Each structure stands twice: as structure tokens, then as C-alpha cells.
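>>> Can you look at this prediction? I've put the sequence above it.
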Amino acid sequence: MNLADQAIGSYSGLTLSERFYLWVRSRSCPLERVCAEVPASGRILDIGAGSGLLARMLAASAPQRLVLAIDPDPRKIQFARKGSPIANLILEHRDPARPMLGESFDCILLVDVLYLLPPSEQRSLLEAAARSLLAGGRIIVKTMDTRKRAKITWDRAQEYTSIRLIGLTKGLGTFHVAPDVMRGWLEGCGLAVREIPIDRGFVHPHLLFIGQHPVAVG
Ligand SMILES: C[S@@+](CC[C@H](N)C(=O)[O-])C[C@H]1O[C@@H](n2cnc3c(N)ncnc32)[C@H](O)[C@@H]1O
């Protein structure tokens, strides 16, 4: 059984539509590929963790990770908590204005979250996240590649349904920024940036950015 299916198996008391949502999410987003970029130990923050699927995968696959999964939508945290507790996973509802609460992390994830915020807020959130990295830590941003026209059109149609029509995701709309803009923001935070396309075999144009904080010398 793969990591995502194991994590789905750790939920209990789900409605049929919640179980279906997790199944679709696990098939439509390369979550295991995202996990592979996360350090195997240390303090991990998943901002906008939603249903908690990725956070469960991260915590269950590496006991040396301490995973804090937060979301501003209390319904999502309620959903994420439906399941057996995992010792190294904390799920919290937090004010989006103060996601880090002054804590520091080895890795901060923003997986399909930034596009819900207007560009100026995306940038501020990245800057706040960068200030909350421990030396040598990393920010992982999973976004969509706006250069891939057909795939991004499909993604926008789906997001319109999710946000505007059925209200499944909390957000003002969608604000995908071009990859060059995202790279510039991360580099502006003093991070060394890698860009990894991870959309092969998927209908969505999944794109990963890894922003690496320099290790302090001396
Ligand atoms: C599309 S879901 C992605 C959930 C999860 N990261 C995943 O990959 O499955 C976007 C999540 O971002 C959350 N969100 C919306 N605005 C946010 C903000 N300002 N700060 C943090 N999270 C936010 C939503 O509540 C939602 O759970």
C-alpha cells in the first residue's frame, strides 16, 4: 500500500464525500513526491494543511519529524482530526495573520495554498515563513505552472467550482503567479531556489519550488 493510501486508512468516521475527496486528492496531486523533499527529521510546519492528508503522510513516514499542521478554516481542522492520533502530528486551527506565532522550523510547506491569496499577501506570507526558518531550513511551495496553458485552464475551472460554486475551499478566488515571480520572491528572501516540475502523468501543471536557507558558518 502506498503512503497516501496508508494515511487515508488512518482516518475514521469520514462521510462518503470526505473519503472520496481524500481519494481524489491522493490521485490528482503527487503528494509522495512532495514528501520526498521534506527533511526526515526536525520541526515541520504545514501551512494551510486542509484535510491533513499530506501532514499525516509526513508524520507517519518519519517518526523523527515533528509535524505541526495548521489551517484557518475550522471545518478543515475538524476533518483532519477525524482519525487515529499520530504521536508526532499536531493539528491546529490558527489565525492566517499569525501562522508561525514566533516559532522556528526546519521546513515550512505551502502546498496549493498561496494561489488563494492576492499576490501581495502571498509575498508577505513567504517573507514571514523565511524569517521563521532555522539555519539550513527550507520552504517548500507547491503551486501550478501558469506556462502550461491547457493544464492551467483545467485547474482554473476546477478551482472555480471548488471555491465559488460549492465553497469546499476557503479563499477569495485564484491568484496563480508566474513561476518567475515566485522564484524572485523566494530569492528576495535570501533563499537558494530549485524549481521542479512534478506534473508528469497528472492533468494539473504541478510545480514545486524549494527555497533553501543558507547554513550559518562559524
Ligand atoms: C486547496 S487546499 C490545500 C490543502 C492541503 N495543503 C493539501 O495540499 O491538500 C487550501 C487550504 O488553504 C487554506 N487557506 C486559505 N487561506 C489561507 C491562508 N491565508 N493561510 C493559510 N491557509 C489558508 C484553506 O483553508 C485550505 O484548507
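Cool, the structure landed. Being a predicted model, the structure only gives us computed values, none of them experimental.
>>> CA atoms for contacts and neighbours, from now on please.
Will do.
>>> Nearest residue to the middle of this structure?
Residue closest to the mean C-alpha point of the chain, counted by CA atoms, centre = their mean, is Val111 at 2.1 Å.
>>> who touches that residue in this structure?
Applying CA atoms under 8 Å, 6 or more residues apart in numbering to Val111 gives the contacts 46-49, 140-143.
>>> in this protein, which spans are helices?
Applying DSSP state H to the chain gives helices spanning 3-9, 16-28, 31-35, 53-61, 74-80, 119-131, 149-160, 179-188.
>>> Flag every buried residue along the second one.
The one in question is helix 16-28. Using 16 or more other CA atoms under 10 Å as the test for burial, helix 16-28 gives 19, 22, 25-26.
>>> what do you get for the fifth one?
Along helix 74-80, these residues count as buried under the neighbour rule (16+ other CA under 10 Å): 76-77, 79-80.
>>> Also near the ligand: which of those residues, exactly?
Lys76 (CA under 6 Å from any ligand atom).
>>> So which bits of the lowest-mean-pLDDT helix or strand in the chain are buried?
The helix or strand of the chain with the poorest confidence is helix 149-160; it has a mean of 85 (mean pLDDT, DSSP states H and E). Buried residues in helix 149-160, counted by 16+ other CA under 10 Å: 151-152, 155-156, 159.
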